[in-house]
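Asks: here are the coordinates; sequence isn't available:
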């Protein structure tokens, strides 16, 4: 999750909220790729979770990364909760259970993204090795119970943790035990945003299937290939899901603002203080009649922070966030941006993707979303096996990356980053199914080897 903003610019109307989103429009020459990934810290000795405090805790990792990167601290009061590149690059933040997140800089190519990930993981190893800590690339903590998972000292997470059990059965698991990789991509206009949003929403379950990598809970198979994705189905229906309205006539920035205004708030931030307003209405704040803030109207930061607490499969801010994939090994962290860039940043591939999904009904899209966590590429959509659809989609992505012709210093284009997905398609087996095979075979019914084989 991105850090919360403080911008006291007053917002007095719905139109200003729409205008703020619209300012995300960029010329194609300014399109960038922002990749975020989370990973789970663990002790190298006994594979235990890592608390915030202590000489070998998360704070010590942040302090070490501050020295390694030269980045500025992000503080909540006196508490170090993240780091930010002072030159406008990336940031490091903490998820609720200590998952360590890199929010990457906006970069021009997947080559640069992969290089950024390499640099980050190499810094992290330098810092973590002397502390006897490792980091795991997987979609869900494979071993510890929720009770064993530490809680990071961030105000917004206390508010969310209190609210989650009121609106779903697995929201706390989402917060404390899951890990994702996502990519943020740009749009040039309202119509471009709508086209990209529709294509990526419809195809998000394809990404979930290809990257499925969370088959274990508390040391045993959980019956799912992407349990992280299943957890989202039981988190908070008011703020997650497939956004069926995005496919309706009249979709645009205004329609998304109306949706966001109807999503209950979690908090407002004043200075360093988080005020718990969970379940309340942003419309009341906009109108100056919010009971927790008598006489106050909304600020720009209230709106930006509120948008960051909405969790659909694709999220609209001033860019689009692809949110469907489990975290995984290094190569998969590079594969996700390659997959979506090839589809959405090439006009021919984008149109082909829209043609592919144009006859899918809202019910079919939802059924696919519901089936994929359990069976991944074994699902069907509109009478077609998802494996067959996924092959077509990855081929479209590859063709888009070829046409982009973004070459590295050795003259290679971005298609090489699709290799892990093409291996999945060739074998028909997702990363989760490979892990389950290992669990049943060489791991002898134990998840402990995962801490060696899946560590960065």
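Replies: Noted; the coordinates are in hand. Predicted model, so just to flag it, every value in this text is computed and none were measured.

Asks: residue farthest from the centroid of this protein?
Replies: residue 295 (35.6 Å; C-alpha atoms, centre = their mean).

Asks: who does the top strand by length along the chain touch, helix- and strand-wise?
Replies: The residue-count maximum for a strand in the chain (DSSP state E) belongs to strand 33-43. Packing partners of strand 33-43 (3 or more C-beta pairs under 8 Å, 6 or more residues apart in numbering; DSSP states H and E): strand 100-103, helix 110-128, strand 133-136, strand 180-185, helix 330-344. Bear in mind the C-beta positions are built from the backbone N, C-alpha and C, glycine included.

Asks: most tightly packed of those?
Replies: Ranked by mean neighbour count, the helices and strands packed on strand 33-43 are led by helix 330-344 with a mean of 27 (mean count of other C-beta atoms under 10 Å).

Asks: helices and strands around that helix, which ones?
Replies: strand 33-43, helix 110-128, strand 180-185, helix 190-210, strand 320-326, helix 347-357, helix 386-404, helix 419-427.

Asks: which residues of the stretch 201-350 of the chain fall in helices?
Replies: 227-233, 253-262, 282-286, 300-307, 330-344, 347-357 (DSSP state H, counting those that start in this stretch).

Asks: nearest to residue 88 among those would be which one?
Replies: helix 300-307 (17.2 Å; C-beta to C-beta).

Asks: and the closest one, what's its mean pLDDT?
Replies: The average pLDDT for helix 300-307 rounds to 96.

Asks: give me the contact list for it.
Replies: 4-11, 17, 20, 260, 263, 265-269, 282, 285, 315-317 (C-beta atoms under 8 Å, 6 or more residues apart in numbering).

Asks: let's have the helices of the stretch 201-350 of the chain in CSV, adding distance to residue 190.
Replies: Shown next, in CSV, are the helices of the stretch 201-350 of the chain (distance: least, C-beta to C-beta, whole Å):
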stretch, distance to residue 190
helix 227-233, 27
helix 253-262, 6
helix 282-286, 22
helix 300-307, 17
helix 330-344, 16
helix 347-357, 15
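
Asks: identify whichever of the ones you listed lies nearest to residue 32.
Replies: Comparing those by C-beta to C-beta, helix 330-344 comes nearest, at 10.2 Å.

Asks: how far off helix 347-357 does that closest one point, in degrees?
Replies: 90 degrees (axes from the mean of the first three to the mean of the last three C-alpha atoms, to 10 degrees).

Asks: now helix 330-344 against strand 320-326, angle please.
Replies: 140 degrees.

Asks: quick one: average confidence on helix 330-344?
Replies: 97.

Asks: any weak-confidence spans in the stretch 151-300 of the chain?
Replies: Scanning the stretch 151-300 of the chain for pLDDT under 70 picks out nothing.

Asks: what sits up against stretch 419-433?
Replies: So stretch 419-433 is in contact with 139, 209-215, 224-226, 326, 328-329, 331-332, 335, 339, 376-377, 387, 390-391, 394, 437, going by C-beta under 8 Å, 6+ apart.

Asks: could I get the helices and strands packed on strand 33-43 as JSON lines with distance to residue 447?
Replies: Shown next, in JSON lines, are the helices and strands packed on strand 33-43 (distance: least, C-beta to C-beta, whole Å):
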{"stretch": "strand 100-103", "distance to residue 447": "20"}
{"stretch": "helix 110-128", "distance to residue 447": "20"}
{"stretch": "strand 133-136", "distance to residue 447": "10"}
{"stretch": "strand 180-185", "distance to residue 447": "20"}
{"stretch": "helix 330-344", "distance to residue 447": "19"}
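
Asks: perfect, that will be all.
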